[in-house]
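K.L.:
Here is a sequence with its predicted model. Questions after.
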Amino acid sequence: MAASSTIADKCMKAYNHVFNPSLFKGQVAFITGGGSGICFTIAEVLMRHQCSTIIASRKLERVQQAAEELSKVTGQRCLPIQMDVRKPKEVVAGVQQAMREFGKINILVNGAAGNFVCPAASMSFNAFKTVLEIDTMGTFNTSKAVFDEYMRDNGGVIINISATLAYKATVLQCHASAAKAAIDSMTKSLAVEWGPLGIRVVGIAPGPIDDTEGIRKLAGPLAESIPKRIPLRRMGTKVDIADCAVFVASPAASYITGDTIVVDGGDWMTAPNDAEMRLESMKSLL
Ligand code: HXC
Ligand code: NAP
């Protein structure tokens, strides 16, 4: 399981292409949070379709290791960039560095996020603010920087990684639910404002995804029981989300904008959401 350490993820041993393997030849994707978890696999699968990538997050050593692994396995260029999405100056500098190296950014994936299990009653002011700043402000900061530096004049696709948390007010997730709901709203607003410039803005809302920091932090002792409750009877995989990102960035989705696509095996509609039960089972994480 991926840990919140400085150790980068490894690529898959094999990947079955559904789309044309040269789908993104000559294109460049900028991926925040691309050094680990779901967004590492998004980077890998885009690169397996001949896309060049930039992966950006706070831990330089991890994005460096991740970029090396991604390039070695896929044969495509990957530039690691250290930046904190909460800091506009760092974000603009990172995007400008990417522009100097590649001259374009056709796809932006806003995946950087922070989360933990916490009842609202014991959450500090700063804890709430921290998650909103990483998820929501980070998504705006990076979108605006990429817009200013490239997409305003050239169009592109922005993919916002969201969650289903806010669909039914998930307990112990007041901060992340608010942050992701705001992202979904931003997906709509930016799609409307930037659509005439040839920019599509689309969200992807994963359900519980196996072998990720997110599930390690949020599910705890409940992890084993998750597949049983999901209508499709399995956890999601990182590739499920990456394949959706490939579809969204491809011409097959050229008339889709402003929407957030749920990729969760039907989970949010049926998952239990009882505060007392979850508090009891999550004691070890609080
Ligand atoms: C309560 C907590 C807390 C916890 C931190 N805080 N962890 N409060 N419970 N477990 C509080 C701190 O006490 C502090 O408030 C404030 O949050 C900021 O904490 P810092 O550690 O200073 O922040 P920072 O170093 O910026 O780290 C941010 C972080 C961290 C979110 C807290 O966990 C992180 O970097 N996470 C990135 C990786 C991650 O979370 N990945 C999972 C994404 S999954 P005070 O008041 O003390 O100053 C995901 C899934 C969604 O999003 C849906 C799944 C189904
Ligand atoms: P993850 O591996 O922890 O990914 C989060 C990434 O964000 C990390 O690479 C982290 O790198 C980066 N990051 C955090 N704070 C940052 C900051 N301030 N600036 C720049 N980068 C920052 O977790 P994951 O589980 O794969 O989640 C990936 C995405 O999917 C997130 O948007 C998450 O909300 C979403 N999601 C996940 C699940 C799930 O089941 N896992 C479900 C629904 C939605 P650094 O620490 O190096 O900064």
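P.N.:
Structure's in. What do you need? Numbers count the residues shown, from 1 in each chain. Ligands and ions are numbered 1, 2, ... in the order given.

K.L.:
CA atoms only for the helix or strand hosting Arg62, dumped as PDB, please.
P.N.:
Using DSSP states H and E, Arg62 falls within helix 60-74. Written as PDB, here are the backbone C-alpha positions of helix 60-74 (Å, rounded to 0.1, in the frame of the first residue of the first chain):
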ATOM      1  CA  LEU A  60      10.900  16.800  -4.400                       C
ATOM      2  CA  GLU A  61      12.600  13.500  -3.700                       C
ATOM      3  CA  ARG A  62       9.400  11.600  -4.300                       C
ATOM      4  CA  VAL A  63       8.500  13.400  -7.600                       C
ATOM      5  CA  GLN A  64      12.000  12.900  -8.800                       C
ATOM      6  CA  GLN A  65      11.900   9.200  -8.100                       C
ATOM      7  CA  ALA A  66       8.500   8.900  -9.600                       C
ATOM      8  CA  ALA A  67       9.500  10.800 -12.800                       C
ATOM      9  CA  GLU A  68      12.500   8.500 -13.200                       C
ATOM     10  CA  GLU A  69      10.300   5.400 -12.800                       C
ATOM     11  CA  LEU A  70       7.600   6.700 -15.200                       C
ATOM     12  CA  SER A  71      10.100   7.600 -17.900                       C
ATOM     13  CA  LYS A  72      12.000   4.400 -17.600                       C
ATOM     14  CA  VAL A  73       8.900   2.300 -18.000                       C
ATOM     15  CA  THR A  74       7.000   4.300 -20.700                       C
END
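
K.L.:
hmm, that helix touching ligand 2?
P.N.:
Yes - contact between helix 60-74 and ligand 2 is present through Arg62 (criterion: C-beta under 6 Å from any ligand atom). C-beta: built from backbone N, CA, C; applies to glycine.

K.L.:
chain center to that helix, what's the gap?
P.N.:
When C-alpha coordinates are averaged (C-alpha atoms, centre = their mean, to the nearest Å), helix 60-74 and its chain have centres 18 Å apart.

K.L.:
Can I get the very next helix or strand once past it in PDB? Just the C-alpha atoms.
P.N.:
Moving toward the C-terminus from helix 60-74, the first helix or strand encountered (DSSP H and E) is strand 78-82. The C-alpha coordinates for strand 78-82 follow below in PDB (Å, rounded to 0.1, in the frame of the first residue of the first chain):
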ATOM      1  CA  CYS A  78       8.400  13.300 -17.300                       C
ATOM      2  CA  LEU A  79       9.600  16.500 -15.500                       C
ATOM      3  CA  PRO A  80       9.300  16.500 -11.700                       C
ATOM      4  CA  ILE A  81       8.500  19.900 -10.100                       C
ATOM      5  CA  GLN A  82       8.500  20.800  -6.400                       C
END
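
K.L.:
Please see if strand 78-82 touches ligand 2.
P.N.:
No - judged by C-beta under 6 Å from any ligand atom, strand 78-82 makes no contact with ligand 2; its nearest approach is 8.3 Å.

K.L.:
by contact count, what packs against that strand?
P.N.:
Judged by 3 or more C-beta pairs under 8 Å, 6 or more residues apart in numbering; DSSP states H and E, strand 78-82 is in contact with strand 52-57, helix 60-74, helix 88-102.

K.L.:
now, of these, which is deepest in the fold?
P.N.:
strand 52-57 (a mean of 27; mean count of other C-beta atoms under 10 Å).

K.L.:
Wondering if that one reaches ligand 2 at all.
P.N.:
Yes - judged by C-beta under 6 Å from any ligand atom, strand 52-57 comes into contact with ligand 2 through Ser57.

K.L.:
Return the distance of that strand from the chain's centre.
P.N.:
Relative to the mean C-alpha coordinate of its chain, strand 52-57 is positioned 12 Å out (C-alpha atoms, centre = their mean).
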